[in-house]
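Undergrad: Sequence first, then the predicted structure, then my questions.
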Amino acid sequence: MLAACLDIEPAEFFTPFILLHPEQDRWTDVSLSRVFYDKLGSEKELHMLKGAGHFPIEEEGLQLLVRNSISFIERHRREAERGNPWEKIKLTDYENHMKSDSVRQLQVLNAMMKEQFAQYPVKSIMILGIAGGNGLEHIDPRVINHVIGVDINSDYLDACVSRYPQLSDLLEMLCLDLREDYSLLPHANLVVANLFIEYIGCACFQQVINQVKPHYVSCVIQTDTEDAFVSASPYSRVFNDLDRVHHQISAKSLIQAMEEIHYHNVSQAEVLLPNGKKLVRLDFRRL
Ligand SMILES: C[S@@+](CC[C@H](N)C(=O)[O-])C[C@H]1O[C@@H](n2cnc3c(N)ncnc32)[C@H](O)[C@@H]1O
């Protein structure tokens, strides 16, 4: 068992994880379990079973084991049944929020996408979290022959298709939950992922990139200068549920995650938003 080889590294594990460790365990100290637990990339919780030994048969520890396990399973079952909150957000609410005067991210992202599309000598582009197709008007069909848009919300993808009939020969739309379902993704020369990695996490993003194997990756992440990651607007209540799936991503952690899969950071640029938040563009090249 000590020589066992893991199919999935702990950092790439995305299934919720509970560790229930007997407090009086004299055979296996909790520090040994923590070596693995601390590396886990998934949502996780650790509970010490008070008064219990290695085989937790003592009443108090046993009760804690049962209660914490049932509560953990129930909570995650209910969350799974609720689905991904992005599937319930209407495109009009999303876009009205993003373009409102206090947010202005749609406009800023649109300008950033124009630069992302023009920067690299590529023929195929995959856009992760494409939403309603913001920025697609900057695709030049004389240069680009394949654009793959990926999103979890099928209404968003339908809107992309009907808004850009001039791109119908190049557009391929894939409705996937990329937290679970990335093995179908085809190759593309450039992957664009703007305000998207936050919703799948760095470990899952690594898997997506390993599958697509692009030459270039261009991403935008948001760094917050105030508490809430969703900026205030008359529409912000629509996004209340997003914190269930949101991961705060820093430039440092993304650069490190990309280095691990052999993508080197080639540029970094920041844009300040009206509400004091910052969008950070980070580009990577495959080594
Ligand atoms: C903040 S928006 C992205 C902004 C967009 N790139 C733009 O320029 O306006 C996040 C997008 O990612 C999609 N998304 C979130 N989680 C996802 C997942 N697990 N799989 C696929 N798409 C997802 C959402 O539906 C949404 O369209």
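TA: Received it, and whenever you're ready, just let me know what you need. Numbers count the residues shown, from 1 in each chain.
Undergrad: who touches the residue in the stretch 51-200 of the chain positioned nearest to the ligand in this structure?
TA: At 2.7 Å from the ligand, G129 is the closest residue in the stretch 51-200 of the chain, using CB to the nearest ligand atom. C-beta coordinates here come from the backbone N, C-alpha and C atoms, glycine included. The neighbours of G129, taking CB atoms under 8 Å, 6 or more residues apart in numbering as the test, are V150, D151, A193, N194, L195, F196, Y199.
Undergrad: Low-confidence ranges, the stretch 151-287 of the chain, go.
TA: The stretch 151-287 of the chain contains residues with pLDDT under 70 at 225-232.
Undergrad: near the ligand at all, the lengthiest helix in the chain?
TA: Criterion DSSP state H: the longest helix present in the chain is helix 59-82. No - Helix 59-82 stays clear of the ligand (CB under 6 Å from any ligand atom), getting no nearer than 13.2 Å.
Undergrad: What average pLDDT does that helix get?
TA: The average pLDDT within helix 59-82 is 86.
Undergrad: next structured bit after it?
TA: With elements assigned by DSSP states H and E, the helix or strand that comes after helix 59-82 is helix 91-99.
Undergrad: residues in contact with that next one?
TA: Helix 91-99 is contacted by residues 103, 105-107, 109, 131-132, 134, 153, 155-156, 159, 231, 233, 235-236, 238-239 when judged by CB under 8 Å, 6+ apart.
Undergrad: Next: stretch 41-51.
TA: Under CB under 8 Å, 6+ apart, the answer for stretch 41-51 is 10-24, 30, 34, 37, 56, 58-62, 64-65, 68, 72, 201-203.
Undergrad: For that stretch, C-alpha coordinates in PDB please.
TA: The C-alpha atoms that make up stretch 41-51 are tabulated as PDB, following Å, rounded to 0.1, in the frame of the first residue of the first chain:
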ATOM      1  CA  GLY A  41      -7.700  20.700  -4.100                       C
ATOM      2  CA  SER A  42     -11.400  19.900  -3.400                       C
ATOM      3  CA  GLU A  43     -13.800  21.300  -0.900                       C
ATOM      4  CA  LYS A  44     -12.800  19.500   2.300                       C
ATOM      5  CA  GLU A  45     -13.500  19.300   6.100                       C
ATOM      6  CA  LEU A  46     -11.700  17.700   9.000                       C
ATOM      7  CA  HIS A  47     -13.400  16.600  12.200                       C
ATOM      8  CA  MET A  48     -11.600  15.200  15.200                       C
ATOM      9  CA  LEU A  49     -13.600  12.400  16.900                       C
ATOM     10  CA  LYS A  50     -13.500  13.300  20.600                       C
ATOM     11  CA  GLY A  51     -12.400  10.500  22.900                       C
END
